[in-house]
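>>> Build me a model:
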Amino acid sequence: MSSRWRGEGGQHRGGRPYQEDSWALRPLADGSLLAIVADGMGGHSGGATASKLVVEAVVKMVERGSSLTDALQAANAAVREGGKGRPELEGMGSTVVAALVNEDEVQWVSVGDSPFYVVAGKTMERLNADHSMAPQIDALQARGMLTAEEAAAHPGRHTLREAVMGEPLSLIDQGSRRLDRHVRLLLCSDGVHSLGADDVAALAAQPVRKLIAAVLAAGVPHQDNVTIVKLERES
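I've put the predicted structure just below:
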């Protein structure tokens with residue numbers, strides 16, 4: 001028996017003076033549910049503008065029947081066009097993770113480091129690739145070239161190798177997965193990393209506001225913006 005999906009989302013600016021994340025949830029005519037999180041960069045004006053342009057472009061294209069991949073390219077073009085003639089927006093960009101779920105399958109596309117998780121009970125798995133320098137730095141740790149402390153505190157850890165900035169995209173993660181009956185999906189901005197994976201998994205069944213509250217309660221200095229969108233099946 002098929003089942004429909006529902007979603008909820010929320011965000012907090014954390015310890016930052018402004019919010020650069022954007023998100024959206026859209027039910028589609030075929031019963032699918034579209035979810036998007038975008039984490040902007042480029043300062044107050046640039047980051048907020050870029051993430052908003054990305055989310056709006058993806059929603060518009062998917063609602064018109066386009067694939068997630070085509071919607072991503074449209075979002076990239078929207079950022080390029082949005083910055084023309086506006087020097088204050090120079091260098092703006094955004095990550096994006098977009099997921100389309102219907103019955104027992106999810107499809108996704110992502111650029112950047114915003115994580116996409118599937119949670120089953122107390123187990124959590126990241127589905128999308130991390131386009132920051134963190135995987136390379138962790139590989140150096142695994143080879144004994146850095147200690148765990150050095151890897152965690154590495155100044156380049158959060159540097160992005162790819163982002164939606166209006167330039168040709170060289171790193172795009174896309175995939176699909178068949179889903180078990182009782183899993184939940186979480187699309188997040190990287191501010192969620194203030195919590196460990198076990199803590200996020202343990203709170204995944206709670207309302208999004210409680211998960212965000214736990215992120216803030218972790219007390220990380222200069223907490224980044226945090227946005228979380230949760231998808232789960234209707235009871």
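
>>> switch to C-alpha atoms for all contacts and neighbour counts from now on
Will do.

>>> Could you point out the longest helix of the chain?
helix 43-63 (DSSP state H).

>>> Show me what counts as buried in it.
43-59, 61-63 (16 or more other CA atoms under 10 Å).

>>> Quick one: the helices in the chain, in order.
Under DSSP H, the chain gives helices at 43-63, 68-83, 134-142, 148-152, 197-203, 208-217.

>>> pretty sure residue 203 contacts residue 211?
Yes: at 6.0 Å, residue 203 counts as touching residue 211 under the criterion of CA atoms under 8 Å.

>>> show me where pLDDT drops low in this structure?
1-2 (pLDDT under 70).

>>> Strands along that one, start to end?
5-12, 21-27, 33-41, 93-94, 96-102, 105-111, 116-120, 123-126, 173-178, 184-188, 226-233 (DSSP state E).

>>> Need the contact partners of the first one.
In this structure, residues lying in contact with strand 5-12 by CA atoms under 8 Å, 6 or more residues apart in numbering are 19, 21, 23-25, 32-33, 101-103, 208-209, 212, 225-234.

>>> ok, of those, which come out buried?
19, 21, 23-25, 32-33, 101-103, 208, 212, 225-233.

>>> quick one: the spatially most central residue of the chain from residue 51, how far?
Nearest to the mean C-alpha position of the chain, by CA atoms, centre = their mean, lies residue 114 at 3.4 Å. Separation of residue 114 from residue 51 (CA to CA, to the nearest Å): 12 Å.

>>> residues shared between the contacts of the two?
What both residue 114 and residue 51 touch, as defined by CA under 8 Å, 6+ apart, is the set 38-39, 95-96.

>>> Of the residues you listed - the most surrounded one?
Each of these was scored for neighbours by other CA atoms under 10 Å, and residue 38 scores highest at 34 neighbours.

>>> coming back round to it: of all the shared contacts of residue 114 and residue 51, which two lie farthest apart?
The most widely separated members of the shared contacts of residue 114 and residue 51, counting by CA to CA, are 39 and 96 (6.7 Å).
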